[in-house]
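Asks: The sequence and its predicted three-dimensional model are supplied below.
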Amino acid sequence: MITKINTGNTSKKRIFFLSIPIFFSNLAVPFIGIIDTGLMGNLGETKYLVATSIGSTIMAMVIWSFGFLRMGTVGIIAQLFAKSDYREIIRTIIRNFFLAITISIFIIILTPIIIGLTSNFFKISFDTLELTKIYITVRAFSAPAELILYVIVGFYLGIQKTNISSLIIITMSILNMIISSFCVLTLDLNVFGVALGTLIANYVTMIIFLYFTYRFIFKKFQIIPTLNKLIISSKFIKLLTINYDIFLRSLFLTFSFLWFTYLGSKIGEDFLAINTILLQFVILASFLLDAFAFSTEGIIGFAIGRKNKKSFLSAVKNSVELSFFSALILSVLYLLFFKSIINILTDVDVLRFISYKHAIWVILIPPLASFCYQLDGIFIGAAQTKDMRNGMIISVFIYVIVSIYLIKFFDNHGLWLSLLIFMSLRALTLRYFFSNILRKF
């Protein structure tokens, strides 16, 4: 059987070392967006950057809405792992594989509708719209690979094999950056090339790690994955309930960024373009700080599975502190190197000038947002998905109302202030629901 590690250790040192491989893998993910932004931002026309921004935001909303295939997998598997129920771990993985494939088929079929809604939602030029359609069409076909990878990553996070989950993300990210750069710089495929790079990278990574995971399960669990006892109504109901809550939560979260992009487009294409650039700083911070959230998910699930309240509270305290102080360091780095990074991402002078005036927001957001990122990880590990859903709905509802008023008075600065408020609301609502997790002990 599998050799167990000291999964009950919740010290800062253990959380930090578990987070290191995730840190580097998560660093690779936003670099995809940064490189895509740089590739499009240096083509001399804003339409390429705007099209990629809208297209990637739309597909992020569609695909990230099914993030429960990772998040739901982590919580369930972590608790099963604490009970040494390896056969049910395998069944959980296979059930989510089937769910991922089914969802992907619907995404591909509904692509024309997604494009139609995008056309009606954004006020952009004809040329930009055509480029956006190309991006969405290509990316839709990457959905099967992306969603299956969600499940695989969730499995390794659940058993606290963060080095393997990180290797998956790093592999996909490096392939994506290389292929996208080749398609744009060598083949001159602009927006199509960026989307194609993502598609190819995801499928290659999926094939590699499906085989690797099969071998891993056989070797470590000494079990051959089968379809035996796969369809059990009570198990499916539990899985669908958890996934449904996370689906709604993810849908509202991705809508919040779609809303942000939409309001930016209402101000003007230049502001939409610079918001795309500035969001790369926010996304980079979120992925880096999520390293602590991801590593904590498995520890939290294990502590709850063992009914160890002391370990649980220790993991919460230590992970929140690590995340916050790391965010402060990141903000200082942003303060020092903001202009230099902006100058690399775009060669359009007007975009550089506007970006400089918005530096304060990308500096303020990481420390404040660190709390909601870490609480997300704690609630995922606890499989406390209903509270995550309710907290997100409340936060998004207030955020939309606040953003409408702030943008009237402060234009694009009002939009960024509303995003800052949204991050704070996410943390406050989860803190309110935190006592519900303690009832599990």
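Replies: In hand now; what should we look at?
Asks: So, low pLDDT: which residues of this protein?
Replies: 1-9, 25-34, 37, 41, 44, 224-240 (pLDDT under 70).
Asks: Sticking with Phe257, tell me its helix or strand.
Replies: If you go by DSSP states H and E, Phe257 is part of helix 233-267.
Asks: got the angle for the following helix or strand past that helix vs helix 233-267?
Replies: In the C-terminal direction, the helix or strand that comes right after helix 233-267 (DSSP H and E) is helix 269-305. If you take axes from the mean of the first three to the mean of the last three Cα atoms, to 10 degrees, helix 269-305 sits at 160 degrees to helix 233-267.
Asks: list the helices and strands whichever helix or strand comes after helix 269-305 packs on?
Replies: Where DSSP H and E defines the elements, the next helix or strand beyond helix 269-305 is helix 309-345. Of the remaining helices and strands, those touching helix 309-345 by 3 or more Cβ pairs under 8 Å, 6 or more residues apart in numbering; DSSP states H and E are helix 12-41, helix 269-305, helix 349-356, helix 359-381. C-betas here are computed from N, CA, C, even on glycine.
Asks: quick check: angle from the second one to helix 359-381?
Replies: Looking back up the chat, that one is helix 269-305. 30 degrees.
Asks: Centre of the chain to helix 269-305, how far?
Replies: Distance of helix 269-305 from the chain centroid (Cα atoms, centre = their mean, to the nearest Å) equals 6 Å.
Asks: And the third one, by the same measure?
Replies: Average the C-alpha atoms of helix 349-356, do the same for its chain, and the two points are 28 Å apart (Cα atoms, centre = their mean).
Asks: Show me what it is packed against.
Replies: helix 269-305, helix 309-345.
Asks: In PDB, list the C-alpha atoms belonging to stretch 90-100.
Replies: What follows is stretch 90-100, C-alpha atoms only, in PDB (Å, rounded to 0.1, in the frame of the first residue of the first chain):
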ATOM      1  CA  ILE A  90     -10.100   6.000  -7.600                       C
ATOM      2  CA  ARG A  91     -13.800   5.800  -8.100                       C
ATOM      3  CA  THR A  92     -14.100   9.500  -7.300                       C
ATOM      4  CA  ILE A  93     -11.400  10.300  -9.900                       C
ATOM      5  CA  ILE A  94     -13.200   8.200 -12.600                       C
ATOM      6  CA  ARG A  95     -16.600   9.800 -11.800                       C
ATOM      7  CA  ASN A  96     -15.200  13.200 -12.200                       C
ATOM      8  CA  PHE A  97     -13.500  12.200 -15.500                       C
ATOM      9  CA  PHE A  98     -16.900  11.200 -16.900                       C
ATOM     10  CA  LEU A  99     -18.300  14.500 -15.700                       C
ATOM     11  CA  ALA A 100     -15.500  16.400 -17.300                       C
END
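Asks: residues touching Leu328, list them.
Replies: Contacts of Leu328 were listed using Cβ atoms under 8 Å, 6 or more residues apart in numbering, and they are Pro366, Pro367.
Asks: now it: how far from Phe281?
Replies: Per Cβ to Cβ, to the nearest Å, Leu328 is found 15 Å from Phe281.
Asks: What sits closest to Asn176 if chain neighbours are left out?
Replies: The shortest distance from Asn176 to any non-neighbouring residue, by Cβ to Cβ, 6 or more residues apart in numbering, is to Ala201 (3.8 Å).
Asks: tell me which residues in the helix or strand harbouring that neighbour are buried?
Replies: Using DSSP H and E, Ala201 sits in helix 190-220. Residues of helix 190-220 classed as buried: 190-206, 209, 213, 216-217 (neighbour count, 16 or more other Cβ atoms under 10 Å).
Asks: thinking again about what came up before, check contacts around the residue nearest to Asn176.
Replies: Met172, Ser173, Leu175, Asn176, Ile179, Ser180.
Asks: my guess is the fourth one contacts Leu199, does it?
Replies: It refers to Asn176. No: assessed by Cβ atoms under 8 Å, Asn176 is found out of contact with Leu199, at 9.3 Å.
Asks: and the closest residue to Val282 other than its chain neighbours, how many neighbours?
Replies: Computed as Cβ to Cβ, 6+ apart, the closest residue to Val282 that is not its neighbour in sequence is Ile365, at 5.7 Å. For Ile365, the count of nearby residues is 24 (other Cβ atoms under 10 Å).
Asks: Equivalent analysis for the one 5 residues further on, please.
Replies: Ser370 is surrounded by 30 other residues when neighbours are defined as other Cβ under 10 Å.
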